[in-house]
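Chemist: Sequence first, predicted coordinates after that:
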Amino acid sequence: MPTMAILTPQQMLERGLQHLGVTPEEWGRRCQRTNEEDFSTHFGPTPLVVANLWERLQTTTIVDARIDPQKHHVKDFLTAMHWLKIYPKERERKIRLAEILGENGHGFTPRGLDCSKTI
């Protein structure tokens with residue numbers, strides 16, 4: 001089995017903050033909650049959840065799902081987490097499409113989206 005790179009939630013928080021360009025001196029001056037909020041705002045879940053996902057990807061019994069941390073780095077994983085957070089979900093894309101087409105007067109409503117209801 002390949003070498004694993006298991007990280008604690010605190011280590012994952014620090015890696016995430018480094019990825020965001022926050023220096024160790026800066027995160028040391030800020031309170032833990034601020035650091036965790038910045039992490040979650042950028043990557044989605046808390047450092048605890050992200051550290052758990054990273055560990056599970058290395059230890060899963062599903063061979064095709066298992067990653068080798070020598071080939072796949074934490075920084076790449078965090079980049080993927082950020083992409084998943086910011087990528088528009090299907091409902092968001094449908095709403096945006098309805099707004100664009102509605103503004104152009106086409107009167108199109110995507111299937112499954114009732115535009116008469118307010119959110």
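Modeler: The structure has been received and is ready for your questions.
Chemist: Now the residue most central in space within the chain: closest residue in space, sequence neighbours ignored.
Modeler: The centre of the chain sits closest to Met81, judged by CA atoms, centre = their mean, with a distance of 2.9 Å. Counting by CB to CB, 6 or more residues apart in numbering, Phe43 is the residue found nearest to Met81 once chain neighbours are left out, at 4.4 Å. For the C-beta atoms, the positions are set from N, CA and C on the backbone; glycine is no exception.
Chemist: circling back: the residue nearest to the centre of the chain reaches Ser40, doesn't it?
Modeler: No: between Met81 and Ser40 there is no contact under CB atoms under 8 Å: 10.3 Å.
Chemist: What is the distance between stretch 83-99 and the centre of its chain?
Modeler: Taking CA atoms, centre = their mean, to the nearest Å, the mean C-alpha location of stretch 83-99 is offset from the chain mean by 15 Å.
Chemist: quick one: terminal-to-terminal distance for that stretch?
Modeler: One end of stretch 83-99 sits 24 Å from the other (CA to CA, to the nearest Å).
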